[in-house]
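Asks: After the sequence you'll find the predicted model.
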Amino acid sequence: MHKQKLGHSDLMVSGYCLGTMTYGTQTDEADAHRQLDMAVEAGINFLDTAEMYPVNPVRLETAGETEAIIGRWIASRKPSDMIIATKITGEGSSAVKDGAPITAARMREAVEASLKRLQVDCIDIYQLHWPNRGSFHFRRNWSYDPTSQNRAETLAHMREILTCAQDLIARGKLRHIALSNETAWGVTTWANIAEREGLPRMLSIQNEYSLLCRQFDLDLSEACVNENIPLLAFSPLAAGLLTGKYAGNVIPDNSRRSFNPDLGGRVSGRVFEAVSGYLAIAQEFGLDPVHMAVEWTRTRPVITLPIIGATTSEQLAHLIDGIDTPISDEVKAAIDQLNRAMPMVY
């Protein structure tokens with residue numbers, strides 16, 4: 001599989017990243033290890049996890065289990081060039097005691113815990129799962145109000161975290177620090193502080209991005225182009241909606257909807273109409289809807305790497321079968337036309 005340099009780093013990563021958030025709940029350890037083996041065989045050398053995982057549901061009691069499952073796979077397989085990205089949990093999560101915010105002190109503890117669970121000496125990419133100050137992600141865009149943010153406190157926090165990252169990088173604990181669920185103002189502010197004060201630059205941003213969720217296309221894309229920050233696109237299948245398996249508003253057993261019926265706010269009054277439109281485009285052009293949805297993210301102007309996650313190894317095999325599916329200009333035009341007719345469906 002073709003590999004590319006990630007942002008301003010020297011990391012050479014595959015064009016697809018393996019997501020692991022269900023490992024330990026919906027996906028048992030044996031199948032998780034099978035998926036990791038399949039990814040390596042397919043040429044994928046990039047995986048994403050988080051101290052908060054597994055999900056469905058997120059619980060303090062299970063936090064870190066996904067990293068531990070990956071760590072046992074690493075210890076047994078000893079992969080030579082695997083790039084590992086993980087995350088420190090943001091403020092308010094039930095996966096952290098008392099929903100503690102991200103601070104330098106907690107970051108140092110979290111890094112050590114992740115290193116131990118992953119059974120590695122260094123984390124390649126360490127992401128802030130979401131900003132302490134909040135953002136419009138996770139369907140909060142409908143009521144987003146940033147007026148309670150304190151600019152001075154935010155700038156001090158950013159400086160604190162980048163200084164901590166600089167020390168952890170110097171000590172060989174981390175290679176790069178990165179963002180997740182950030183805004184355009186956040187991206188540029190982190191970049192300005194790093195440039196002005198000689199601190200580590202944010203390497204990448206992991207935000208939701210799919211045919212049904214294109215918030216990134218505007219201010220965020222401009223910010224990321226100018227700061228050389230590639231997008232790691234999570235939920236390119238819109239939590240399974242774009243597979244068509246929920247068409248007709250059904251809830252298959254052991255699917256994400258069986259644990260989270262509204263898919264974190266994605267199931268809205270218009271979403272199934274939009275899904276039907278994208279399924280129709282795939283049928284018209286003879287494409288598998290799963291392959292079309294994932295591959296479309298790789299055609300975008302900003303460098304975008306989709307995170308392909310699966311509950312089962314069978315689902316992952318289907319995703320892998322679609323690698324490098326060509327998306328023609330005619331398909332892209334049809335997708336854009338539907339997006340103009342039905343934007344922001346959740």
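Replies: Thanks, I have the structure now.
Asks: Closest to the mean position in the chain, which residue would that be?
Replies: Nearest to the mean C-alpha position of the chain, counting by C-alpha atoms, centre = their mean, stands Phe234 at 3.6 Å.
Asks: Model confidence for that residue, exactly?
Replies: At Phe234, the model reports a pLDDT of 98.
Asks: wait, doesn't it sit right on Gly19?
Replies: Yes. With contact defined as C-beta atoms under 8 Å, Phe234 reaches Gly19; the gap is 6.8 Å. Glycine gets a C-beta too; all of them are placed from N, C-alpha and C.
Asks: Show me whatever sits in contact with both of the two.
Replies: Common neighbours of Phe234 and Gly19, using C-beta atoms under 8 Å, 6 or more residues apart in numbering, are 48, 307.
Asks: Leu263: how many residues sit nearby?
Replies: Look at Leu263: counted by other C-beta atoms under 10 Å, it has 21 neighbours.
Asks: Look up how far Tyr144 lies from the closest residue to it other than its chain neighbours.
Replies: Leaving out its chain neighbours, the residue that sits closest to Leu263 by C-beta to C-beta, 6 or more residues apart in numbering is Ala239, at 4.4 Å. Per C-beta to C-beta, to the nearest Å, Ala239 is found 20 Å from Tyr144.
Asks: of these two, who's got more company?
Replies: When neighbours are counted by other C-beta under 10 Å, Ala239 comes out ahead of the other of Ala239 and Tyr144, with 25 against 12.
Asks: Then the more buried one would be within a helix, right?
Replies: Yes. Ala239 forms part of a helix when assessed by DSSP: H, G, I helix; E, B strand; the rest coil.
Asks: Show the contacting residues for it.
Replies: Counted by C-beta under 8 Å, 6+ apart, Ala239 has contacts 256, 263-264, 266.
Asks: Any of those buried? List them.
Replies: Buried members of the contacts of Ala239, scored by 16 or more other C-beta atoms under 10 Å, are 256, 263, 266.
Asks: Looking at the residues you listed, which are in helices?
Replies: Judged by DSSP state H, helices contain the following of those: Arg256.
Asks: The buried ones among the contacts of Ala239 into CSV, with extra columns for distance to Glu153 and pLDDT?
Replies: Shown next, in CSV, are these (distance: C-beta to C-beta, whole Å; pLDDT from 0 to 100):
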residue, distance to Glu153, pLDDT
Arg256, 36, 89
Leu263, 33, 96
Arg266, 32, 97
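Asks: out of the buried ones among the contacts of Ala239, who's nearest Gly134?
Replies: Arg266 (19.6 Å; C-beta to C-beta).
Asks: Three-state assignment for the nearest residue to the residue nearest to the centre of the chain once chain neighbours are set aside, please.
Replies: Leaving out its chain neighbours, the residue that sits closest to Phe234 by C-beta to C-beta, 6+ apart is Ile307, at 4.8 Å. Secondary structure for Ile307, judged by three-state DSSP, is strand.
Asks: can you count the residues close to Ile307?
Replies: Ile307: 24 surrounding residues under other C-beta under 10 Å.
Asks: what's it in contact with, if anything?
Replies: Taking C-beta under 8 Å, 6+ apart, we find Ile307 in contact with 16-19, 48, 206, 232-236.
Asks: And for Glu65?
Replies: Contacts for Glu65 (C-beta under 8 Å, 6+ apart) come out as 23-24, 53-54.
Asks: got TSV for the residues you listed, with secondary structure, neighbour count and pLDDT too?
Replies: Formatted as TSV, the contacts of Glu65 follow (DSSP: H, G, I helix; E, B strand; the rest coil; neighbours: other C-beta atoms under 10 Å; pLDDT from 0 to 100):
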residue	secondary structure	neighbour count	pLDDT
Tyr23	strand	28	98
Gly24	coil	23	98
Tyr53	coil	28	98
Pro54	coil	26	98
